[in-house]
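Peer 1: could you look at this predicted model? Sequence included:
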Amino acid sequence: MKFYGLIDGSEKSLIHFLGTLSGVDQTGADSRAATLATRSIKTTSKRFAIDLVISMVDLTTLEGADTPEKVRALCAKAVRPDPSDLTVPSVGAICVYNDMVSIARAQLDLLGGNHIPVAAVATAFPSGRASMAVKMQDTEDAISAGAGEIDMVIDRGAFLSGRYMEVFEEIRTIREICGERAHLKVILETGELVTYDNVRRASFLAMLAGADFIKTSTGKVAPAATASVVLVMLEAVRDFYQMTERRIGVKPAGGIRTTKDAIKQLVLVKETAGPEWLTPSLFRIGASSLLNDLLMQRMKMRTGYYTSPNYVTID
Amino acid sequence: MSERLEVRKTYKLYINGAFPRSESGRTYELRSEDGSFIANPCLASRKDLRDAVTAARAAQSGWANATAYNRGQILYRIAEMMDGRIDQFAREISLLDGISRKEAEMEVRAATDRWVWYAGWSDKLGAIAGATNPVSGPFYNFTIPEPLGVVGAIAPERKSLLGLIDAIAPVILSGNTVVALASTRAPLPAITLAEVIATSDLPKGVCNILTGKRGELAPWFASHMDIDGLDITGVEEPSLIAEIKVSGAQNLKRIHSFEGHPSPQRILAFMESKTIWHPIGV
């Protein structure tokens, strides 16, 4: 059914629907996230969690200084994160800028990583400040170059000034371009949304407009994926599932650098959205340096002694 | 007037320029020879060691890139700060070692002098350990000593302050960073030394000081792949020394134990030689 039967597509119905959403208790959300963060995950559970997180990593490089060589090296790492240990799973995806998509796709295919999708950041990432025509072309370019996932940014300015319909239409348009060809992740940039109420509202808006995933941040703004914000978004996808029976994915990105942080995210997922979300098709973590820490922790668990950054790649 | 409440000190670890408690939450009790309570220092765990090594690794290249002159100045500054704390050091040493205050003060002065002695070596080492090598070709050929990286140091139980200074100063002087384990029996001067270091312009992470049990931590020092060298002067038990040497060998760790008077050899033990060829006349 169109818009899951929750709205009829008019501005009035959208605003009415967003108005019916319950507010978020900020203190409650912070303390719930803090409580869940204290849970200790050890031994076999930790080993399981590390491999799961590796398979959920969207290995990312989004720098102005990116080169084809760097992207190719990253692809090699994505397919086989630890060349000395074949039991390490491949990562969830490679996340690059538009112009690197074809290079990444070709390299992944060359290295036997056909199953690893390339995610492209699109729609004038990271600010989203461009005309709709540019954003559409940006998306089309990425998909025709082989991107299987599109990470679009929303117009936070429009959202904050209450022009919800504008944001809604923007996401819908990009959704239509993606069609069946690419998954759509919608970046809310929660660091700029000010309140948790706004995060919840933006999450629902993106889901209604056709997002497959909602993503916290671009990684260019601090704070990025704080535990509380991820909790609020996970509650949103859980509530959305109860309304529509459709599971939307969540992708925290930015600021998750250690295994400990990543495992805390898994605890949040399991306790908030539910164990069904503990799969790369419904939960991803956007990160670059995290993967090395995961590999080092894995080596520590395998060998029994602390390892050194000399044994993982420089990136 | 009511009696003043005693302000008691919490003795903590020194990691990355901060004073955290042990992540394990453990402490152990220190008592003087007559059995009276002295303090509850932290009983560091292997994870505290891991955190300290991470901090030391992050600080290493920046510290090594400081000029030798600058490193010497900062080390001298530490000696200046130590000199202002003679009373505090002496009180702790006389309490823990059961020696007179006067003897304790002499030990602190000797320790400060030792630190100054090491500080002076920083810009002179190259002259004694470096060389211009004769080669058959149109090249200049230099050998210069360079720091090893991150060094672990297990300080001796006796002469707690002087021993700790012998463990730390020669290591960091050359541009290494250090994770030191203080005397288990007498850790208080080590924590005071950490307070001195924290106020002496030494960049955070260059010197990290743990208090705890050597039997528990030494094997982790030896097996940690990111510790390049290890001073085990403070390990006395032969079986523990053997265990350290075996697991240290697996990651090619440079392991030393020192005796006798201080010498520049103690500094060079944790350095390696780099040889550079430079064409003449181009």
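Peer 2: Cool, got the structure.
Peer 1: who's in contact with residue 244?
Peer 2: Unless you meant another one, I'm taking chain A. Going by CB atoms under 8 Å, 6 or more residues apart in numbering or on different chains, A:T244 touches A:Y4, A:G5, A:L6. Glycine gets a C-beta too; all of them are placed from N, C-alpha and C.
Peer 1: correction: the question concerned chain B.
Peer 2: B:A218, B:P219, B:F221, B:A222, B:L230, B:I232, B:V235, B:I255.
Peer 1: how much space between it and chain A?
Peer 2: 13 Å (CB to the nearest CB, to the nearest Å).
Peer 1: same question for B:A242.
Peer 2: B:A242 is 17 Å from chain A, by CB to the nearest CB.
Peer 1: next one: B:K12
Peer 2: Counting by CB to the nearest CB, the gap from B:K12 to chain A is 22 Å.
Peer 1: that residue - nearest residue in space that isn't next to it in sequence?
Peer 2: B:F19 (4.3 Å; CB to CB, 6 or more residues apart in numbering or on different chains).
Peer 1: likewise B:A131?
Peer 2: Residue nearest to B:A131 in three dimensions, not counting chain neighbours: B:T143, with 4.6 Å by CB to CB, 6+ apart.
Peer 1: and the pLDDT at the one you found?
Peer 2: Here the pLDDT value assigned to B:T143 is 96.
Peer 1: also A:M1?
Peer 2: Among the per-residue scores, A:M1 holds a pLDDT of 61.
Peer 1: quick one: the strands in the stretch 201-315 of chain A?
Peer 2: Using DSSP state E, counting those that start in this stretch, the strands of the stretch 201-315 of chain A run over residues A:213-215, A:249-251, A:285-287.
Peer 1: so, low pLDDT: which residues of the stretch 101-250 of chain B?
Peer 2: For the stretch 101-250 of chain B, not a single residue meets the criterion pLDDT under 70.
Peer 1: what does it put close to chain A?
Peer 2: When proximity is defined as CB under 8 Å from any CB of the partner chain, the stretch 101-250 of chain B approaches chain A at B:W220, B:S223, B:H224, B:M225, B:D226, B:S247.
Peer 1: from chain A, how far off is the residue nearest to B:K12?
Peer 2: Distance from B:F19 to chain A, by CB to the nearest CB: 22 Å.
Peer 1: let me see the contact set for A:M299.
Peer 2: A:D82, A:D85, A:T307, A:Y311.
Peer 1: show me where chain A has helices.
Peer 2: Assigned by DSSP state H, chain A shows helices spanning A:11-20, A:26-37, A:43-56, A:68-79, A:101-110, A:132-144, A:156-160, A:164-178, A:196-208, A:227-244, A:259-272, A:290-303.
Peer 1: likewise for chain B?
Peer 2: Counting by DSSP H, the helices of chain B are B:46-65, B:68-83, B:86-97, B:101-120, B:125-129, B:160-173, B:188-198, B:214-223, B:238-250, B:264-268.
Peer 1: pick the most deeply packed of these.
Peer 2: Scoring the helices of chain B by mean neighbour count under mean count of other CB atoms under 10 Å in any protein chain shown gives helix B:160-173 as the most buried, with a mean of 27.
Peer 1: follow-up on the earlier one: ok, which of the contacts of A:M299 also contact chain B?
Peer 2: Applying CB under 8 Å from any CB to these, those adjacent to chain B are A:T307, A:Y311.
Peer 1: what's the most distant pair in the contacts of A:M299?
Peer 2: Taking CB to CB as the measure, the contacts of A:M299 span a maximum distance of 12.0 Å, between A:D85 and A:T307.
Peer 1: the two: which is more packed in?
Peer 2: More crowded of A:D85 and A:T307, by other CB atoms under 10 Å in any protein chain shown: A:T307, with 20 against 12.
Peer 1: ok, and the closest non-adjacent residue to the residue of the stretch 1-150 of chain B found nearest chain A?
Peer 2: Here the stretch 1-150 of chain B gets closest to chain A at one residue, B:R50, 5.5 Å apart by CB to the nearest CB. Nearest non-adjacent residue to B:R50, counting by CB to CB, 6+ apart: A:Y306, 5.5 Å away.
Peer 1: center of the chain - which residue?
Peer 2: Went with chain A since none was named. In chain A, the centroid-proximal residue (CA atoms, centre = their mean) is A:K251; its distance is 2.5 Å.
Peer 1: please refer instead to chain B.
Peer 2: B:I168 (2.3 Å).
Peer 1: next, the contact list for that residue, please.
Peer 2: So B:I168 contacts B:A153, B:A155, B:V178, B:A180, B:L193, B:C207, B:I209 (CB under 8 Å, 6+ apart).
Peer 1: the residue of the stretch 1-150 of chain B closest to chain A and B:I227: what is the separation?
Peer 2: Distance, B:R50 to B:I227, by CB to CB, to the nearest Å: 10 Å.
Peer 1: and what of B:A44?
Peer 2: 15 Å.
Peer 1: hmm, back to that, now do the contacts for the residue nearest to the centre of chain A.
Peer 2: With the criterion set at CB under 8 Å, 6+ apart, A:K251 makes contact with A:D58, A:K185, A:F213, A:I214, A:K215, A:T216, A:F283, A:R284, A:I285, A:G286.
Peer 1: what pairs with it across the strands?
Peer 2: Assessed by DSSP bridges, A:K251 has beta-bridge partners A:K215.
Peer 1: hang on, the earlier thing: for the residue of the stretch 1-150 of chain B closest to chain A, what are its contacts?
Peer 2: A:Y306, B:W220, B:H224.
Peer 1: please apply the same query to A:K264.
Peer 2: A:L36, A:A37, A:R39, A:A227.
Peer 1: cool, B:Y118 as well?
Peer 2: By CB under 8 Å, 6+ apart, the neighbours of B:Y118 are B:L75, B:I165, B:A169, B:P170, B:L173, B:P262, B:I267.
Peer 1: so the first one touches B:P170, yeah?
Peer 2: No - with contacts defined as CB atoms under 8 Å, B:L75 does not count as touching B:P170, sitting 10.3 Å away.
Peer 1: so how far is A:V118 from the residue nearest to A:R105 when sequence neighbours are not counted?
Peer 2: Among residues not flanking A:R105 along the chain, A:G146 sits closest, at 3.5 Å (CB to CB, 6+ apart). Counting by CB to CB, the gap from A:G146 to A:V118 is 6 Å.
Peer 1: go on, A:C95?
Peer 2: Between A:C95 and A:V118 the computed distance is 8 Å (CB to CB).
Peer 1: equivalent analysis for B:P219, please.
Peer 2: In terms of CB to CB, B:P219 sits 45 Å off from A:V118.
Peer 1: chain B contacts on chain A?
Peer 2: A:G304, A:Y305, A:Y306, A:T307, A:S308, A:P309, A:N310, A:Y311.
Peer 1: adding pLDDT, write those out as TSV.
Peer 2: Below are those laid out as TSV (pLDDT from 0 to 100):
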residue	pLDDT
A:G304	92
A:Y305	93
A:Y306	94
A:T307	94
A:S308	93
A:P309	91
A:N310	89
A:Y311	90
